[in-house]
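Trainee: below is the sequence, then the predicted model.
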Amino acid sequence: MLIAIEGIDGAGKTTVSHFIAELLREKGFDVVVLKEPGNSRYGIKIKNSEKRLSPEEELELFILDRKEDVRENILPALHSGKIVIMDRYYYSNIAYQSARGIDWEYIKRENEKIAPKPDLTIILDVDAEQALKRVKKRGKLTPFEDLEYLKKVRENFLKYADSTTVVIDASKPLDEVKREVERIICSLIKDRLQAEP
């Protein structure tokens, strides 16, 4: 099973990804958490970039990084029966790069050629002002963390959500967010177990 945790910078993706992993491990599942961009040479170039690359180059690097992640990490983990939790996945590409003018359907199509579709995508929704306050507490802002840009990205996450997507209000206190996430995950597992022959 593949679960993607998405949202703008500062929404709480890493915290929630690790919370879900612990929750599932307690229930006896074998779980791996992967974070994108990864540590391929393409992912490192994205993470170390002092200023924004062109939208096309940025998208190309994300896709090359994801190709490697799928081949080296995601598919092997899924094939060995693990639940894979993605701390960011290709919905981030759709939301972030379409906010810079690239057609969202093209981004989705190019990603789905190389990457398995998640069984569940959780979008942690928080307004850009609140998200940036959280990010500033962590230290220096990256070139991706611009207020007006993040407002567009947030709109895109909500606009392009599909039938496998659940949106959670991540502006609530963390305990409330975790309770909501736990309810969704438990419901997904129950549905999966009932569907098995």
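Mentor: Structure's in. What do you need?

Trainee: pLDDT on stretch 153-166, on average?
Mentor: The average pLDDT for stretch 153-166 rounds to 92.

Trainee: tell me the buried residues in that stretch?
Mentor: Neighbour-count burial for stretch 153-166 flags Val153, Arg154, Asn156, Phe157, Tyr160, Ala161, Thr165, Val166 (criterion: 16 or more other C-beta atoms under 10 Å). (Each C-beta comes from the backbone N, C-alpha and C, glycine too.)

Trainee: quick check, nearest of those to Trp104?
Mentor: Nearest to Trp104 among the buried residues of stretch 153-166: Tyr160, at 5.6 Å, using C-beta to C-beta.

Trainee: quick one: the closest one and Tyr91 touch, right?
Mentor: Yes. Under the criterion of C-beta atoms under 8 Å, Tyr160 makes contact with Tyr91 at 7.4 Å.

Trainee: isn't there a helix covering Ile122?
Mentor: No. According to DSSP: H, G, I helix; E, B strand; the rest coil, Ile122 belongs to no helix; its state is strand.

Trainee: quick one: least confident helix or strand in this protein?
Mentor: Counting by mean pLDDT, DSSP states H and E, the chain has its least confident helix or strand at helix 128-138, which shows a mean of 85.

Trainee: could you give the angle of the helix or strand following it to helix 128-138?
Mentor: Note on helix 128-138: by DSSP states H and E, the next helix or strand toward the C-terminus is helix 147-159. Angle of helix 147-159 versus helix 128-138, following axes from the mean of the first three to the mean of the last three C-alpha atoms, to 10 degrees, is 120 degrees.

Trainee: what is helix 147-159 packed up against?
Mentor: Applying 3 or more C-beta pairs under 8 Å, 6 or more residues apart in numbering; DSSP states H and E, one finds that helix 147-159 contacts helix 90-98, strand 120-125, helix 128-138.

Trainee: buried deepest among those, which one?
Mentor: Mean neighbour counts were taken over the helices and strands packed on helix 147-159 using mean count of other C-beta atoms under 10 Å, and the top value, a mean of 24, falls to helix 90-98.

Trainee: give the buried residues for the following helix or strand past that helix.
Mentor: Heading C-terminal from helix 90-98, the first helix or strand you meet, by DSSP H and E, is helix 104-114. By neighbour count on 16+ other C-beta under 10 Å, the buried set for helix 104-114 is Trp104, Ile107, Lys108, Glu110, Asn111.

Trainee: measure the first one to Glu58 for me?
Mentor: As for Trp104, its distance to Glu58 is 14 Å (criterion: C-beta to C-beta, to the nearest Å).

Trainee: kindly report the same for the last one.
Mentor: Distance of Asn111 to Glu58, given as C-beta to C-beta: 14 Å.

Trainee: repeat that for the second one.
Mentor: When C-beta to C-beta is the yardstick, Ile107 and Glu58 sit 11 Å from each other.
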